[in-house]
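*Asks:* Sequence plus the predicted model coming up.
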Amino acid sequence: MKKSKSEIIFNVCNILFMIFLCFVTIYPFLNQLAISFNDGMDSTMGGITIFPRKFTLENYKGVLTNPSLKGALTISVLRVVIATVLSLLVTYAAAYGLTRKGLPFRRGLTLLLMIPSYISAGVIPIYLMLRTYHLINSFWVYILPGLFLFYNMIIIRSFLQSIPDSLEESAKLDGANDIQIMFKIAMPLSLPVLATVALWVSVQNWNDWTTTLMYVTDKNLYPLQYLMMRLIKESETAQEMALQITMNKGLDEVSQPTSQSITAATLMITTIPIILVYPFLQKYFVTGVTLGAVKE
Amino acid sequence: MEKYAKRIRQKTAFAEVKRFRYAYIMILPAVVLTLMFSYFPLAGIIIAFKNFNFETVLSDPNIIKAIINSEWVGLGNFIQVFRQPQMLDAIKNTLIYGFTNLVIGFPFPIILALLFNELNNLKFKKVVQTVSYMPHFLSWISVIGLCYSFLAAEGPINDLLVKLFGTDFQYSDPLMDSKYFLPIIFTTNIWKNVGWSSVVFLASIAGIDQTLYEAADVDGCGKFRRVINITIPCISETIIIVFIMSAGQLVNTNFEQVYGFQNVFTQEKTEVINTLVYRQGIENGEYGLATAFGLAQGIANIALVLGANALSKRLSGSSIW
């Protein structure tokens, strides 16, 4: 097919635009990465592009040996692991139960589970409720309220509807009950959708800091994202931490990390796990979105 | 006879439920969690009509009892909401931010999806898409951190401006000036979400019947006319549905983004409903008042979704229900 001149011009402009888009998206990261590896005092002069000017590992060493940051990292990891495992179990079991053929009250139960995705009580009633449950300043406030998500259940459900049920029927004839069949037969077949939902849930949990802002004041329960929010929003917090690190290390004034370099290193520690796993998992994320869009 | 039939029906219904007992056991945790964390707090909305604040809670540590015993004030909290200039400003800001994101921001992902669709090199297309989706998966606070560093006096933007205008250029950080708050909210929103929001439109474009394009080729239709006459009409339903969903978010500003970007210099002039509910309710303990404010927002939200849905049903026949 012959291409007209205007089409060629358009294609070239389109490709240039895409390159620009990539540049605009990636450059802030590379810049921040460079700052995180650059000597703190040197960075204050500006002019850092995507390469560190005075390479150092002090920022990372300082951050990773800081007790409050280490604690926050532990909380974040624990939270992601526990929430993901429990959430998968609860959501998968509900989806599996609801797809049993001929289940009485299926519509009513689905509706009961669906309504909250449209109507929420609001921040304050939820806060008061968590107080009555004694979940304020408890680790479980990170886990329990978001354990069951209707949207994730829909995604699992549409996957389950696509598995043939002849396998399950033969297991039933052998005398296995629904719970045994779910663990032994259905779950191994559902690995792709389980991976998708596990990723959604873990990214959401890793990224969340508003739960802490609203419901947690105990410093020992701060996750990494919340600590980073404090570093970014409150320059005193960042300066205090930079000072702490300098004192602990016994560094001289010339090579001490600044609040800026500490924040940069923390930011990289919180975002790099996502950036590293993301390209491999993108496929699953996209399937999840399009599946949900079709089903709703 | 009648009685007998009824008993049989009851018996079979019971047997049915019993047959599915394991399925019910599996659904049970989800139901319990939903009741505990989504339905039960709905009852707490009544404090919007009561005089209920941190003092009430202090006087009676049993919150349920405290709520029941507290004094009714009718619509008093709502009246107070609309009397406070601070709250009126928050409503105004919420609407301004919402409209800007919706009206100006809405076409961006559609245009991006159309441009993605015109890329002929599949490998290049995949790389660009992967890169453009990435910011969506970061937390808002990471994006805000990047933005602070990027716009700082020692950041790349100032470096660039100095290169362009010389060293005596006076730079002031736009994040410290409430004048620039709206453009920053808008730009970072696009930066973070434009790629990801284009996914649903791309999926819709992929579903278009290819024979339509072949027919257009036979008729000698150019590339631009194909987009205007085939692609856009074919994805119009998706566009409308996404628009309805976004219209529902009009009064629901992104708390993480706005709270994250606020600082001592900008906070006073940039409060939105969400951030004010947080400050009045959780920070100041004005529970009743904050709930009333949040409830008013929630009702406006539902009204907007229903309104947008009815409008689109009338105009084009597509609706989300």
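*Replies:* Great, that's in hand. These figures come from a predicted structure and were not determined experimentally.

*Asks:* from what I can see A:Leu21 touches B:Gln129, true?
*Replies:* No. Contact criterion Cβ atoms under 8 Å: A:Leu21 and B:Gln129 do not qualify, at 10.1 Å. (Each C-beta comes from the backbone N, C-alpha and C, glycine too.)

*Asks:* sec struct for B:Arg83, please.
*Replies:* In terms of secondary structure, B:Arg83 is coil; the call rests on DSSP: H, G, I helix; E, B strand; the rest coil.

*Asks:* where does it fall, phi/psi-wise?
*Replies:* phi -100, psi -20 (degrees, to the nearest 10).

*Asks:* just A:Asn38 next, same as before
*Replies:* With angles defined as degrees, to the nearest 10, A:Asn38 sits at phi -100, psi 150.

*Asks:* Counting neighbours, what do you get for the closest residue to B:Asn120 other than its chain neighbours?
*Replies:* Spatial nearest neighbour of B:Asn120, chain neighbours left out: A:Asn11 (7.2 Å); criterion: Cβ to Cβ, 6 or more residues apart in numbering or on different chains. When neighbours are defined as other Cβ atoms under 10 Å in any protein chain shown, A:Asn11 has 16 of them.

*Asks:* Now for the residue in the stretch 1-150 of chain B positioned nearest to chain A, how many residues are close by?
*Replies:* Nearest residue of the stretch 1-150 of chain B to chain A (Cβ to the nearest Cβ) works out as B:Gly44 at 3.0 Å. Using other Cβ under 10 Å as the criterion, B:Gly44 is surrounded by 23 other residues.

*Asks:* Please identify the helix or strand for the nearest residue to it once chain neighbours are set aside.
*Replies:* Spatial nearest neighbour of B:Gly44, excluding adjacent residues (Cβ to Cβ, 6+ apart): A:Pro125 at 3.0 Å. Per DSSP states H and E, A:Pro125 falls inside helix A:123-132.

*Asks:* next structured bit after that helix?
*Replies:* For helix A:123-132, the following helix or strand on the C-terminal side (DSSP H and E) is helix A:150-160.

*Asks:* which helices and strands sit right next to the helix or strand following that following helix?
*Replies:* The helix or strand immediately downstream of helix A:150-160 is helix A:166-173, counting by DSSP H and E. When contacts are defined as 3 or more Cβ pairs under 8 Å, 6 or more residues apart in numbering or on different chains; DSSP states H and E, helix A:166-173 packs onto helix A:178-181.

*Asks:* Help me see whether the helix it packs on makes contact with chain B, please.
*Replies:* Yes. Looking at helix A:178-181 against chain B by Cβ under 8 Å from any Cβ of the partner chain, the contacts come from A:Asp178, A:Ile179.

*Asks:* what packs against that helix?
*Replies:* Using 3+ Cβ pairs under 8 Å, 6+ apart as the contact definition, the elements that helix A:178-181 packs against are helix A:166-173, helix B:21-34.

*Asks:* Convert the C-alpha atoms of the shortest one to PDB, please.
*Replies:* I take that to be helix A:166-173. Written as PDB, here are the backbone C-alpha positions of helix A:166-173 (Å, rounded to 0.1, in the frame of the first residue of the first chain):
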ATOM      1  CA  SER A 166     -16.300 -32.000  34.500                       C
ATOM      2  CA  LEU A 167     -13.100 -32.300  36.600                       C
ATOM      3  CA  GLU A 168     -14.900 -31.100  39.700                       C
ATOM      4  CA  GLU A 169     -17.800 -33.400  39.100                       C
ATOM      5  CA  SER A 170     -15.500 -36.500  39.000                       C
ATOM      6  CA  ALA A 171     -13.900 -35.400  42.200                       C
ATOM      7  CA  LYS A 172     -17.300 -35.100  43.700                       C
ATOM      8  CA  LEU A 173     -18.100 -38.600  42.700                       C
END
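
*Asks:* What is the distance between that helix and the centre of its chain?
*Replies:* Taking Cα atoms, centre = their mean, to the nearest Å, one finds the center of helix A:166-173 at 37 Å from the center of the full chain.

*Asks:* again with stretch B:13-26
*Replies:* Centroid separation between stretch B:13-26 and its chain, computed with Cα atoms, centre = their mean, is 38 Å.

*Asks:* Now do that stretch: distance from first to last residue.
*Replies:* Across its full length, stretch B:13-26 reaches 20 Å end to end, with Cα to Cα, to the nearest Å as the criterion.

*Asks:* can you list the residues that contact it?
*Replies:* Stretch B:13-26 is contacted by residues A:93-94, A:96-98, A:100, A:102-104, A:177-179, A:182 when judged by Cβ atoms under 8 Å, 6 or more residues apart in numbering or on different chains.

*Asks:* Just the buried ones from those?
*Replies:* Among the contacts of stretch B:13-26, the ones that count as buried by 16 or more other Cβ atoms under 10 Å in any protein chain shown are A:Ala93, A:Ala94, A:Tyr96, A:Gly97, A:Leu98, A:Arg100, A:Leu103, A:Pro104, A:Asp178, A:Met182.

*Asks:* which residues of the chain score low on pLDDT?
*Replies:* Picked chain A for this. Within chain A, the segments meeting pLDDT under 70 span A:1-3, A:236, A:248-255, A:280-296.

*Asks:* ah, I was thinking of chain B
*Replies:* Within chain B, the segments meeting pLDDT under 70 span B:1-2, B:317-321.

*Asks:* Please enumerate the strands of it.
*Replies:* Under the criterion DSSP state E, chain B carries strands at the ranges B:50-51, B:71-72.

*Asks:* Please render those strands as TSV that adds distance to chain A to the earlier fields.
*Replies:* Output for the strands of chain B, formatted as TSV (distance: least, Cβ to the nearest Cβ, whole Å):
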stretch	distance to chain A
strand B:50-51	12
strand B:71-72	17
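
*Asks:* Let me see the contact set for the closest residue to chain B within chain A.
*Replies:* Here chain A gets closest to chain B at one residue, A:Pro125, 3.0 Å apart by Cβ to the nearest Cβ. Contacts here follow Cβ under 8 Å, 6+ apart; on that basis A:Pro125 touches B:Pro41, B:Leu42, B:Ala43, B:Gly44, B:Ile45, B:Ile47, B:Thr291.

*Asks:* I'd say the last one and A:Ile126 touch.
*Replies:* No. Because the distance of 10.2 Å does not satisfy Cβ under 8 Å, B:Thr291 is recorded as not touching A:Ile126.

*Asks:* Please enumerate the shared neighbours of these two.
*Replies:* Common contact partners of B:Thr291 and A:Ile126 (Cβ under 8 Å, 6+ apart): B:Gly44.

*Asks:* contacting residues around A:Trp209?
*Replies:* Counting by Cβ under 8 Å, 6+ apart, the residues that A:Trp209 touches are A:Pro223, A:Gln225, A:Tyr226, A:Met228, A:Met229, B:Ser139, B:Ile141, B:Glu256.

*Asks:* Likewise for B:Phe106?
*Replies:* When contacts are counted by Cβ under 8 Å, 6+ apart, B:Phe106 is found next to B:Phe243, B:Ser246.

*Asks:* So chain B: which segments form each domain?
*Replies:* Annotated domains of chain B cover B:2-72, B:86-316 [automatic domain parsing].

*Asks:* Over to the residue most central in space within chain B: give its phi and psi.
*Replies:* The centre of chain B sits closest to B:Gln249, judged by Cα atoms, centre = their mean, with a distance of 4.8 Å. In this entry, B:Gln249 is assigned phi and psi values of phi -90, psi 0 (degrees, to the nearest 10).

*Asks:* which residues does it contact?
*Replies:* By Cβ under 8 Å, 6+ apart, the neighbours of B:Gln249 are B:Gly98, B:Leu102, B:Asn301.

*Asks:* rerun at 7 Å
*Replies:* Shown here is B:Gln249, which makes no contacts under the criterion Cβ atoms under 7 Å, 6 or more residues apart in numbering or on different chains.
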